[in-house]
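Participant: Got a sequence here, can you build the structure:
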Amino acid sequence: MAELEKAYFQVETNNKKIAFLFNPETLKLTFNNKWDGDKLLGGGDDSLNFTGQQPADLAFTLWFDTTDTGKDVTLYTSQLIAAMQPDASLPGTNEKSNNKRPRYVKFFWGSSLKSFPAVITSAGIEFTYFSSAGVPLRAKVDLSLKQFRDDGSFAKQNPTSGTPRPHKVHRVQPGETLDRISARYYGDPTRWRPLAVANGIEDPLSVRPGSLLSIPEMD
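Facilitator: This next block holds a predicted model:
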């Protein structure tokens, strides 16, 4: 039988490991895109501007239990809190302007699963069992992390990149055709072909009301 591999955090620069006593049961990974618009979809004159990808979020719950040894469980939970403290030894720190940040961590589980570099944004700790002397022996920790930078882990998601030429999304209104939409965005109804190509439309006269069309930027 293969030996159970424990998940852990590896801390930025010093390679310190924060050990988990038990592996998480689930991991919630959320990728985020940012869209700007002045009106709600379905409100008539609808369009959205894609303004770039945002940092991804990672969330999971950890359990710590030291009832077998009687040790204070905060020996483990305090390491998570320490990883959230600003560290003046990191490059870019400016004590005069109080410009400093916590270290980022990377989540590892076995040889195949690892996260992007991420900062711990919240750690909700609930102590659920105590010794007769009041020593906490069991804790549940709800962790939330936000991507610090992209390194290709999990999936491609670059929080620092935007789109140098943002494009729009248009919701088709009843009676609209591609040439009318082209006239609206490009000032020329004959420039409907880029819209058809970008959205895989074969019949420019038949676009379904309510559908969303990508509006590519034109030179």
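Participant: make it CA atoms for all contacts and neighbour counts henceforth
Facilitator: OK.
Participant: lowest confidence element among the helices and strands of the protein?
Facilitator: strand 168-171 (a mean of 75; mean pLDDT, DSSP states H and E).
Participant: Mind listing the strands that one pairs with, and their directions?
Facilitator: Looking at strand 168-171 with DSSP bridges, its partner strands are strand 47-65 (antiparallel), strand 212-215 (antiparallel).
Participant: Just send the ones you listed back as a markdown table, with distance to Phe31 too.
Facilitator: Formatted as a markdown table, the strands paired with strand 168-171 follow (distance: least, C-alpha to C-alpha, whole Å):
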| stretch | distance to Phe31 |
| --- | --- |
| strand 47-65 | 5 |
| strand 212-215 | 20 |
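Participant: mean pLDDT for these: which is lowest?
Facilitator: Between the strands paired with strand 168-171, the lowest average pLDDT goes to strand 212-215, which shows a mean of 78.
Participant: partners of the nearest residue to Tyr104 once chain neighbours are set aside in the sheet?
Facilitator: Spatially, and ignoring its direct neighbours in sequence, Tyr104 is nearest to Val119 (4.6 Å; C-alpha to C-alpha, 6 or more residues apart in numbering). Taking DSSP bridges as the rule, Val119 bridges to Lys146.
Participant: Tell me who's in contact with Val119.
Facilitator: Counting by C-alpha atoms under 8 Å, 6 or more residues apart in numbering, Val119 touches 84, 102-105, 145-148.
Participant: Of those residues - the most surrounded one?
Facilitator: In terms of neighbour count, Val105 stands highest of the contacts of Val119 at 27 neighbours, by other C-alpha atoms under 10 Å.
Participant: Next one: that one from Thr67, what distance?
Facilitator: Per C-alpha to C-alpha, to the nearest Å, Val105 is found 28 Å from Thr67.
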